[in-house]
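In: coords please:
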Amino acid sequence: LETKALNNMLTFQTNMSLNYGNMNLLGGDGEWESALRSNPTNPVYNEDGTYYEDYAKDENKVARLDQQQYDKQQTTSSFDGKLIFEPIKDLKGSVFVSYTRDDYKERRFYDVDSRISYNSYNSGGYAWKKSYMKTTRTLEPTIEYTKTFLDNHKINAIAGYSYQYQVYEQLEANNNGFLNNSVEDNNLGSGSGLNGDAAIKAGMGSKKADETLIAFFGRINYVFKDRYVAQFSIRREGSSKFGPNNKWGNFPSVSVGWRFSDEKFMKFSKKFLEDGKIRVSYGITGNEAIGNYDYIYSYSPNSIYDGVGGVIPTRIGKDNLKWEETKQFNLGLDLNFWNSRLTITADYYDKYTDGLLANYQLPKESGFAYMKTNVGEMSNRGFEIAVTGDIIRTKDWKWNASFNISRNINRIEKLSEGKAYMEGDIWWMQE
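Out: This is a model prediction of the structure:
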C-alpha cells in the first residue's frame with residue numbers, strides 16, 4: 001500500500017503478510033528406506049487385530065503412523081512501514097520500521113501400545129509439548145542527498161541509524177506413564193512421571209534470550225561522466241553479544257571504478273567491446289555470529305549433590321570477547337562484447353580475518369569442554385573467472401553457454417597457544 005500527501009512531498013508505504021502452516025512431522029528419519037528393508041512377507045496385523053511387530057527388525061510402519069503423532073502449527077506474521085519526506089529537491093528523509101513474529105507449537109504423543117512406548121517408556125506412552133515465539137523489531141531513519149552539477153558530476157550521500165532488537169522464548173514439557181490414550185498430550189499431569197518414585201521422570205524446561213544490534217552508518221557516492229565512480233562508506237556497529245569494553249566496531253570501506261571503454265583512446269574497440277570496467281575495493285567487515293551470552297559467566301541452580309541442592313558454573317565467560325574482523329581487497333575486471341553476446345568477469349581477492357571466533361578447548365580438569373573466544377587469524381586468497389556467451393541468438397532461438405574457474409588458498413595463519421579448536425564437526429590444530 002502506498003499513499004502520498006502534501007503535494008507528493010510525503011509518501012507512506014506499508015506491507016503486511018500472514019502465513020500459517022499445519023505440518024505433520026512424523027515422516028522423515030529414513031522411513032522410505034526402512035520400509036524397503038523390511039521383510040515383505042511380514043503381516044501388518046496379528047490374528048487378534050493388533051499390530052504385528054518383529055522387535056528384532058525395523059518397526060511396523062503402518063503401526064507407527066497410527067500410534068505416533070508429531071505435529072507442528074506455525075504462524076509467521078510481518079509488518080513494515082516506510083515514511084518518506086522530500087521537503088526540497090535533492091533532499092530526502094525516511095523512517096523505516098518493521099515488526100516480525102514467528103510462533104509455533106509442537107506436540108508428540110506415543111500410544112501406550114506403540115513400539116517406542118514398549119521399548120523406552122515401559123508401555124506407558126509418552127507426551128511432549130513445546131511452544132516457541134520469536135519477535136524482531138527494526139527501526140532505521142535515514143537522510144539522503146542527491147545532486148547533479150556541472151552536467152557531469154553526480155553525488156549521492158546517505159547517513160542513518162539502525163536499531164534491531166530480537167527476543168525469543170520457549171517452553172516445553174514431557175511426561176510418560178499414562179494409563180491409556182484417552183487424553184493424549186492434553187493433560188500432561190495425568191502421567192506417572194511426576195511421582196517421586198517414577199522410573200522415568202517427567203521433564204520440563206524453558207528459556208528466553210534477546211539480542212540488540214545498533215549501527216550508525218554513512219555512505220558517499222561520486223560519479224563523473226558515468227566513467228569514474230568512487231564510493232566511501234563506514235559503519236559503527238554495536239552488539240549486545242560482546243562484553244562492555246568491546247561492544248562496538250568500526251567497519252569502513254572504499255571502492256573505485258573506471259569504465260575505460262568510454263575513453264577516447266578506446267574508440268577503436270567500439271565495434272566489438274561494448275563495455276569495459278576495472279573495479280578496486282578495500283573494506284573491513286565484522287562478524288558477531290556467536291551465542292547471545294557467550295561472554296557472560298553463567299551458573300545453574302539445578303544441581304543436587306548428596307541430596308542437597310546447589311549452584312554450579314555452567315559456562316566460562318570471556319570479558320574481552322570482541323568482533324571478528326575481516327579485511328578484504330578486491331580487484332575486478334568486467335568485459336562486455338558484441339552487445340552482451342560475450343561477457344567476461346574476473347576477480348582477484350585477498351581476505352584476512354583477525355579475531356577468529358571459535359570454541360577454545362579447555363583442560364578436562366577445568367570441568368568444561370570449551371569456551372568461546374577469539375582464537376586466531378585466517379587468510380583466504382584466490383581468483384574467480386566467469387565467461388558467458390550466446391552461441392546462437394535469433395528471434396526464435398537462443399543457446400548460451402557458461403564457463404567458470406576459481407582457486408582459493410585458505411590458511412590458518414595463527415592460533416593461540418598451540419591449542420586445538422572445535423567449531424561444529426571441524427577441528428583445527430596449531431602445529
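
In: In the stretch 151-300 of the chain, mark out all the strands, start to finish.
Out: 153-176, 203-224, 228-239, 248-258, 273-287, 298-305 (DSSP state E, counting those that start in this stretch).

In: could I get these as a markdown table with mean neighbour count?
Out: Yep, even glycine has a C-beta here, placed from its N, CA and C like the rest. Formatted as a markdown table, the strands of the stretch 151-300 of the chain follow (neighbours: other Cβ atoms under 10 Å):
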| stretch | mean neighbour count |
| --- | --- |
| strand 153-176 | 17 |
| strand 203-224 | 14 |
| strand 228-239 | 17 |
| strand 248-258 | 16 |
| strand 273-287 | 16 |
| strand 298-305 | 10 |
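
In: Let me have these in TSV, adding distance to residue 66 as columns.
Out: TSV is the format used below for the strands of the stretch 151-300 of the chain (distance: least, Cβ to Cβ, whole Å):
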stretch	distance to residue 66
strand 153-176	19
strand 203-224	26
strand 228-239	49
strand 248-258	56
strand 273-287	48
strand 298-305	37
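
In: In terms of mean pLDDT, which of those strands ranks lowest?
Out: Of all the strands of the stretch 151-300 of the chain, mean pLDDT reaches its minimum on strand 298-305 (a mean of 76).

In: Excluding covalently adjacent residues, which one is nearest to the most centrally placed residue in the chain?
Out: The centroid of the chain falls nearest to residue 289 when counting by Cα atoms, centre = their mean (8.8 Å). Of all residues not flanking residue 289 in the chain, residue 357 sits nearest, at 7.1 Å (Cβ to Cβ, 6 or more residues apart in numbering).

In: Report the separation between that neighbour and residue 26.
Out: Using Cβ to Cβ, to the nearest Å, residue 357 is found at 37 Å from residue 26.

In: out of the two, which sits in the more crowded spot?
Out: Counting neighbours by other Cβ atoms under 10 Å for residue 357 and for residue 26 shows that residue 357 has the greater number, 20 against 14.

In: For the more buried one, list each beta-bridge partner.
Out: Per DSSP bridges, the residues bridged to residue 357 are residue 374.

In: Let me know the pLDDT of it.
Out: Looking at residue 357, the pLDDT reads 92.

In: wait, isn't it in contact with residue 324?
Out: Yes - the pair residue 357 and residue 324 qualifies as a contact (Cβ atoms under 8 Å) at a distance of 4.6 Å.

In: joint contacts of those two?
Out: 287, 374 (Cβ atoms under 8 Å, 6 or more residues apart in numbering).

In: SS state for residue 336?
Out: Assigned by DSSP: H, G, I helix; E, B strand; the rest coil, the conformation of residue 336 is strand.

In: Distance check, it against residue 104.
Out: 48 Å.

In: any weak-confidence spans in the stretch 1-150 of the chain?
Out: 28-31 (pLDDT under 70).

In: can you give me the helices for it?
Out: Per DSSP state H, counting those that start in this stretch, the stretch 1-150 of the chain carries helices over the ranges 31-37, 61-67, 115-120.

In: Reformat those helices as JSON lines; add distance to residue 402.
Out: JSON lines is the format used below for the helices of the stretch 1-150 of the chain (distance: least, Cβ to Cβ, whole Å):
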{"stretch": "helix 31-37", "distance to residue 402": "36"}
{"stretch": "helix 61-67", "distance to residue 402": "45"}
{"stretch": "helix 115-120", "distance to residue 402": "50"}
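
In: Good, we can wrap up now.
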